[in-house]
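In: Just need the structure, nothing else, for what follows:
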Amino acid sequence: MTVVTASLDVVRGIVTACKKQMDSVRINQTTGYGKINGTCELWLRDSAGHEHRYQGELFEAAQPGHEVAVVSDRTSGKLLAFANLTTQKVHDAAELSVKTTPGATLISTFGFSLLLAFPGLFPWFMMLDAIGLADNAFSAAGLQNYVVLLLGCVFAGVTIWSKRYEERTARLKAEINRVLGQKEPIASTANRQTE
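Out: The predicted model follows:
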């Protein structure tokens, strides 16, 4: 059964096959140790008898015969969640499990500030030139003001983005719960338990 909402595509069905596909093999010539990179491939049959194929890390918990639901974004096609209805677990994709804690916000602020520091000097100079203070743009006091302004603007931007991201994630999780028929909201963990 396929359910389509304003923002979600949900395909429910029975797993017919779930196997790990080998993507690449990397061997260290010095030590002789190797690493195999693989992705899970999931095949499911919906109630109309149509076969659907998906790839991704979320499908490792699926077994043939399990009833599952695959939830993806309707516009981008990105995988959002995988619900194993047999084991009663919902696994969030990275899209829904990004943490926007105050610590992450501060780390992002300093990271983005470093990326914008050099390119931002030109607008800083142009802004001060427009008000007649171009001579002070690269003085010690001018650079201190630039750093404070840069950090403040980036922090405000990251905070606003984080808040909007959390609101969007909460809306998506609520819509996923509604489509999957959950009465209680599912906790925001990587492996959410269904009720």
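
In: packing partners for the lengthiest strand in the chain?
Out: Longest strand in the chain, counting residues (DSSP state E): strand 8-27. On a contact count with 3 or more Cβ pairs under 8 Å, 6 or more residues apart in numbering; DSSP states H and E, strand 8-27 meets strand 2-4, strand 34-45, strand 51-55, strand 67-73, helix 140-180. In short, each C-beta sits where N, CA and C put it, glycine included.

In: Listing partners with orientation, what would you give for it?
Out: Strand 8-27 pairs in its sheet with strand 2-4 (antiparallel), strand 34-45 (antiparallel), strand 67-73 (antiparallel), by DSSP bridges.

In: Show me what counts as buried in that strand.
Out: The neighbour-count check on strand 8-27 (16 or more other Cβ atoms under 10 Å) flags Leu8, Asp9, Val10, Val11, Arg12, Gly13, Ile14, Val15, Cys18 as buried.

In: among the strands paired with strand 8-27, which is nearest Ala137?
Out: Judged by Cβ to Cβ, the one of the strands paired with strand 8-27 that comes nearest to Ala137 is strand 67-73, at 44.4 Å.

In: helices or strands next to the helix or strand just after that closest one in the packing?
Out: Note on strand 67-73: by DSSP states H and E, the next helix or strand toward the C-terminus is strand 79-84. Helices and strands touching strand 79-84, as assessed by 3+ Cβ pairs under 8 Å, 6+ apart, comprise strand 67-73, strand 89-92, helix 94-97, helix 140-180.

In: Quick one: residues in contact with strand 79-84.
Out: Outside strand 79-84, the residues that touch it by Cβ atoms under 8 Å, 6 or more residues apart in numbering are 8, 54, 56, 58-59, 61-62, 66-73, 89-93, 95-96, 172, 176, 180, 194.

In: Among the residues you listed, name the buried ones.
Out: Among these, those buried by neighbour count (16+ other Cβ under 10 Å) are 8, 54, 56, 58-59, 61-62, 66, 68-72, 90-93, 95-96, 172, 176, 180, 194.

In: what about the chain, any weak spots by pLDDT?
Out: 1-6, 21-25, 36-37, 95, 97, 182-195 (pLDDT under 70).

In: Domain-wise, how is it divided?
Out: 2-97, 102-165 (automatic domain parsing).

In: which of these is buried the deepest?
Out: Mean neighbour count (mean count of other Cβ atoms under 10 Å) peaks for domain 2-97 among those, with a mean of 15.

In: Could you give the separation of that domain from the chain centroid?
Out: 15 Å (Cα atoms, centre = their mean, to the nearest Å).

In: Likewise for stretch 154-171?
Out: That offset, for stretch 154-171, works out to 13 Å (Cα atoms, centre = their mean).
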